[in-house]
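In: Provide a 3D model corresponding to the input given below.
(chains A, B, C and D)
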Protein chains: 2
Amino acid sequence: MIRVLLVDDHPLFREGLKHRLSLDDSIEVVGEAENGKQALELIKSLEFDIVLMDINMPEMDGMYVLELIKEQDIDYKVLMLSMHDNKEYILGAMRHGANGYILKDVPGKELIVAIKKVISGKSYFSSEVTEILSKELAGEQRGIVTRREQLVLRLISQGLSNKRIAQEINVSVRTVETHKRNIKQKLGIDSTMGLMRYAIDYGLDR
Amino acid sequence: MIRVLLVDDHPLFREGLKHRLSLDDSIEVVGEAENGKQALELIKSLEFDIVLMDINMPEMDGMYVLELIKEQDIDYKVLMLSMHDNKEYILGAMRHGANGYILKDVPGKELIVAIKKVISGKSYFSSEVTEILSKELAGEQRGIVTRREQLVLRLISQGLSNKRIAQEINVSVRTVETHKRNIKQKLGIDSTMGLMRYAIDYGLDR
DNA sequence: CTAAAACTAAGTATAAACACGTAGATAAAA
DNA sequence: TTTTATCTACGTGTTTATACTTAGTTTTAG
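Out: Predicted structure coming up:
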């Protein structure tokens, strides 16, 4: 029996997932959390085999939880779920050791296939995801937005000024400027507004 | 038996919805569509009592479909679903004659209550929604964004700088600044980012 | 252990955005 | 025909952002 821990902030989505997973007799949902904090508590107290986790969540997002999980001794399997096929997310998830990454709108069977593959020790990335990755890699290690830069990007997308961002993450305004400049250069975008648009389009906001 | 037509672009969400609705014996999902176009076809060919429709969808969004539905002779009941509690959406839905508007993260029972209320001829707007509306109406008839301002707003949403916008519409940068200032004042938004979100949410972009 | 990458931050000068007030020209409505 | 709304735009002063360079410190990977 594969014991699954669900982490997603939308109750309806969780229900949809549960329903899908219930179609397979060897899978069982043993816990649910609606944000990262809850997830971490459950991870400590619960026995399970795999975490199925959304990236975009309020309170504490999935990417961060992934990081924390993978820093622990026990190697829990983590399958990331996302609405977005943006490369920053995908690369971020891979960098932090996710065992798989699938988009939320994949057909139902694929989800179960993915879980079983991950449980068997392999990794699973849905075809849309691998396609994006290959395009990225084809362009040779082009600038990857680093974690710190992603953070700054998210704050930019929330409409904060350099000054506010600097206060928020306790660095100098000049540092924020530097990060911003590097992000622009990496993404080939030349205006702050363009960055905002990018962040919104690719779901890096909120 | 209440026959429901589901319209949402996310299969998982539809499954979650179906699961919830299946908890009530008097409700039955008779059709599903994943975008506005499909929905319109089903509406022509199918018999049903109420449409449960998401606003944000690719291809053809829910707001436009609502408009088309309400222009027809038969008065179909329409309950709008949305991730966003943004007032333009809510007001837009009301203006186009939606019978209800609820947020996607409401508890499961509320959805069923809402459907039954709408079927009985009443309207249903969830509490978060009515709260936002009351705030809006308290401020009475605030300024309407003019055509020119809408144009500027659209360009802002595309991430253009004041300078670029000025070039685009052949006016001085100062004029753009003035428009921007007026828009902000009218909408009660004080950041350019807020304007962008407004434009994107309201579909003024692209 | 060493090299590379990431994070930090400053100097200096220029450019852009914003706030607030004001106002002429023109088009639309009463 | 007045009145009103809209579109246009300037002045002035302040704040913020950017361009381009350089560089110390820390972390990560080979």
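
In: from here on, contacts and neighbour counts on C-alpha atoms
Out: Fine.

In: For chain A, which residues are neighbours of chain B?
Out: Within chain A, the positions near chain B by C-alpha under 8 Å from any C-alpha of the partner chain are A:10-17, A:19, A:104-105, A:107, A:157-159, A:191-197.

In: Return the per-residue confidence for the residue nearest to the spatial centre of chain A.
Out: With distances taken as C-alpha atoms, centre = their mean, residue A:55 lies nearest the centre of chain A, 3.5 Å away. On the pLDDT scale, residue A:55 is placed at 82.

In: out of the residues of chain A next to chain B, who's near DNA strand D?
Out: Among the residues of chain A next to chain B, the ones lying near DNA strand D by C-alpha under 7 Å from any atom of the strand are A:191, A:192.

In: Check the residues of chain A next to chain B for burial and list the buried ones.
Out: Neighbour-count burial (16 or more other C-alpha atoms under 10 Å in any protein chain shown) is assigned, among these, to A:10-17, A:19, A:104-105, A:157-159, A:192-197.

In: For the residue nearest to the centre of chain A, which non-adjacent residue is closest in space?
Out: Setting aside the residues directly before and after it, residue A:55 is nearest to residue A:62 in space (C-alpha to C-alpha, 6 or more residues apart in numbering or on different chains), at 4.1 Å.

In: do you know how far the one you found is from residue B:192?
Out: Here the criterion is C-alpha to C-alpha, to the nearest Å. By it, residue A:62 lies 29 Å from residue B:192.

In: Repeat that for residue A:90.
Out: 29 Å.

In: Equivalent analysis for residue A:144, please.
Out: Between residue A:144 and residue B:192 the distance is 27 Å, computed by C-alpha to C-alpha.

In: cool, and residue A:28?
Out: 47 Å.

In: And residue A:57, by the same measure?
Out: Going from residue A:57 to residue B:192 by C-alpha to C-alpha gives 25 Å.

In: contacting residues around whatever helix or strand residue A:179 lives in?
Out: Per DSSP states H and E, residue A:179 falls inside helix A:173-187. When contacts are defined by C-alpha atoms under 8 Å, 6 or more residues apart in numbering or on different chains, helix A:173-187 is touched by residues A:142-145, A:149, A:152-153, A:162-163, A:165-166, A:190-191, A:195.

In: ok, of those, which come out buried?
Out: Counted by 16+ other C-alpha under 10 Å, those give A:144, A:145, A:149, A:152, A:153, A:162, A:165, A:166, A:195 as buried.

In: Tell me which of these fall in helices.
Out: Counted as lying in helices by DSSP state H, out of the buried ones among the contacts of helix A:173-187, are A:149, A:152, A:153, A:162, A:165, A:166, A:195.

In: so the fifth one makes contact with residue A:154?
Out: No. At 9.8 Å, residue A:165 and residue A:154 do not qualify as touching, with contact defined as C-alpha atoms under 8 Å.

In: my read is residue A:81 is in a helix, agree?
Out: No. Looking at residue A:81 with DSSP: H, G, I helix; E, B strand; the rest coil, it is strand, so not inside a helix.

In: Can you read off the backbone torsions of the residue of chain A found nearest DNA strand C?
Out: Per C-alpha to the nearest atom of the strand, residue A:171 is where chain A lies closest to DNA strand C, at 3.1 Å. The phi/psi pair for residue A:171 (degrees, to the nearest 10) reads phi -130, psi 170.

In: Check it and give its pLDDT.
Out: Looking at residue A:171, the pLDDT reads 92.

In: what does the one 5 residues further on give?
Out: With respect to pLDDT, residue A:176 scores 94.

In: Let me know the distance separating it from residue A:188.
Out: For residue A:176, the distance to residue A:188 - C-alpha to C-alpha - is 18 Å.

In: What of residue A:45?
Out: As judged by C-alpha to C-alpha, residue A:45 and residue A:188 stand 45 Å apart.

In: what does residue A:100 give?
Out: Where residue A:188 is concerned, residue A:100 sits at a distance of 28 Å (C-alpha to C-alpha).

In: try residue A:110
Out: Taking C-alpha to C-alpha as the criterion, residue A:110 is separated from residue A:188 by 34 Å.
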